[in-house]
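Novice: Give me a 3D structure for the following:
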Amino acid sequence: MSGRLPASSPSLAPKPLPEPVVPPSESAPDKPAASLRRDNGLLGIGIMLLATVFLSAGDAAAKYLAASVPPLHIVWLRYFTSGLMLLAIVGIKGEWGALRTRRPGMHLLRGCGVIGSSMLFVSALKLLPIADATATSFVAPLFVTALSIPMLGERVGWRRWVATLVGLIGVLIVVRPGGAGFQLASLLPAVSAMCWAFSLIITRMMSGTESPLATVTYSTVFGALVMAALLPLHWVTPTWEIVWVGLFIGAVSTAGHWLVIAAFRYAGASLLAPFSYVQLFWASLFGFLLFATLPDIWTWVGAVVIAASGLYTAHRERIRARQVAG
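Specialist: Predicted coordinates for the structure are as follows:
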């Protein structure tokens with residue numbers, strides 16, 4: 001999956017651990033979140049900023065491979081590498097018992113959402129500048145708001161609906177349908193974000209019975225197996241360059257998500273959310289250095305609108321959480 005940061009959705013933010021493709025909310029060992037939390041805002045921010053570098057580097061490498069390798073192969077290499085890393089960590093720690101599950105069907109549903117998100121985003125990277133794909137994908141928290149109604153039965157107030165509408169306007173500013181440079185591929189990151197939001201909602205539905213480690217592991221292994229089964233449909237004999245770049249994508253993406261998780265151990269979502277959007281800067285920088293492309297002014301304007309709507313949604317979620325707690 002892409003390196004998108006779901007940090008801007010506080011209701012899904014951690015109980016602090018990973019998945020190469022896990023949102024902060026799904027990460028954490030079996031200990032209660034409170035026992036792992038150590039308040040240190042500056043350290044949390046620093047770790048989050050470092051995470052954006054790793055995740056953007058993974059996206060840049062995926063775009064590099066996408067020029068000659070089908071997205072199917074790239075996503076498989078990503079999951080294969082991440083799965084090996086995750087299983088090695090579980091084995092070293094001897095935490096196989098944490099993989100027990102009572103809801104295998106939900107894990108499969110979540111895995112489908114994550115796989116769909118990964119395939120769509122990598123397909124978008126093949127055709128779009130990294131910065132444009134990254135900016136559009138920031139709309140994921142807004143889809144979480146919309147999907148929480150039919151899937152979780154939540155009530156969404158008019159303020160959050162307005163924020164969602166504003167965020168979608170930001171997406172339109174980025175993709176500019178009807179403009180001279182518009183292509184249907186511009187919509188792929190938004191659909192990818194919708195699939196990601198679906199996986200986050202499923203994660204929330206399982207959170208009461210499934211350990212975060214199980215959620216992360218099953219999604220990763222499921223993704224690797226499904227991609228492996230589909231490889232023969234579009235087979236390309238990999239060169240050593242493809243293998244090494246693919247392993248790099250898996251390694252830096254996994255490391256990036258571990259860093260996101262670590263950041264949430266030191267600071268809350270409300271503090272970290274704004275810094276997750278720094279990923280757009282790194283996406284733009286890597287796009288310029290590696291592919292000689294820079295986002296135009298409208299991409300930046302749209303990204304600011306999307307980020308503002310996401311941050312406001314996070315603000316409303318925090319207020320709602322306080323009201324429920326009170």
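
Novice: Please make it C-alpha for all contacts and neighbour counts, starting now.
Specialist: Fine.

Novice: List the contacts of the closest residue in space to Val243 that isn't next to it in sequence.
Specialist: Nearest non-adjacent residue to Val243, counting by CA to CA, 6 or more residues apart in numbering: Leu77, 7.7 Å away. By CA atoms under 8 Å, 6 or more residues apart in numbering, the contact list for Leu77 reads 224, 243, 246-247, 249-250.

Novice: distance of Leu77 from Trp258?
Specialist: Relative to Trp258, Leu77 is positioned 18 Å away (CA to CA, to the nearest Å).

Novice: Among the contacts of Leu77, list the two that are farthest apart in space.
Specialist: Using CA to CA, the contacts of Leu77 span at most 15.1 Å, a distance reached by Ala224 and Val243.

Novice: other SSEs contacting the lengthiest helix in the chain?
Specialist: Taking DSSP state H as the criterion, the chain has its longest helix at helix 297-325. Packing partners of helix 297-325 (3 or more CA pairs under 8 Å, 6 or more residues apart in numbering; DSSP states H and E): helix 130-137, helix 140-152, helix 158-175, helix 269-276.

Novice: tilt between the longest one and helix 297-325?
Specialist: Okay, so that is helix 158-175. 160 degrees (axes from the mean of the first three to the mean of the last three CA atoms, to 10 degrees).

Novice: what's the following helix or strand after helix 158-175?
Specialist: helix 188-206 (DSSP states H and E).

Novice: Send me that following helix as CSV with only the CA atoms.
Specialist: Taking Å, rounded to 0.1, in the frame of the first residue of the first chain, the C-alpha atoms of helix 188-206 are listed here in CSV:
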residue,chain,number,x,y,z
LEU,A,188,-7.6,6.6,-8.7
PRO,A,189,-6.1,8.1,-5.5
ALA,A,190,-9.5,9.2,-4.3
VAL,A,191,-11.0,5.7,-4.9
SER,A,192,-7.9,4.3,-3.2
ALA,A,193,-8.6,6.5,-0.2
MET,A,194,-12.2,5.2,-0.1
CYS,A,195,-10.9,1.6,0.0
TRP,A,196,-8.5,2.6,2.8
ALA,A,197,-11.3,4.3,4.7
PHE,A,198,-13.3,1.1,4.4
SER,A,199,-10.4,-0.9,5.9
LEU,A,200,-10.2,1.6,8.8
ILE,A,201,-13.9,1.2,9.6
ILE,A,202,-13.5,-2.6,9.6
THR,A,203,-10.6,-2.2,11.9
ARG,A,204,-12.7,-0.1,14.3
MET,A,205,-15.4,-2.8,14.2
MET,A,206,-12.9,-5.5,15.2
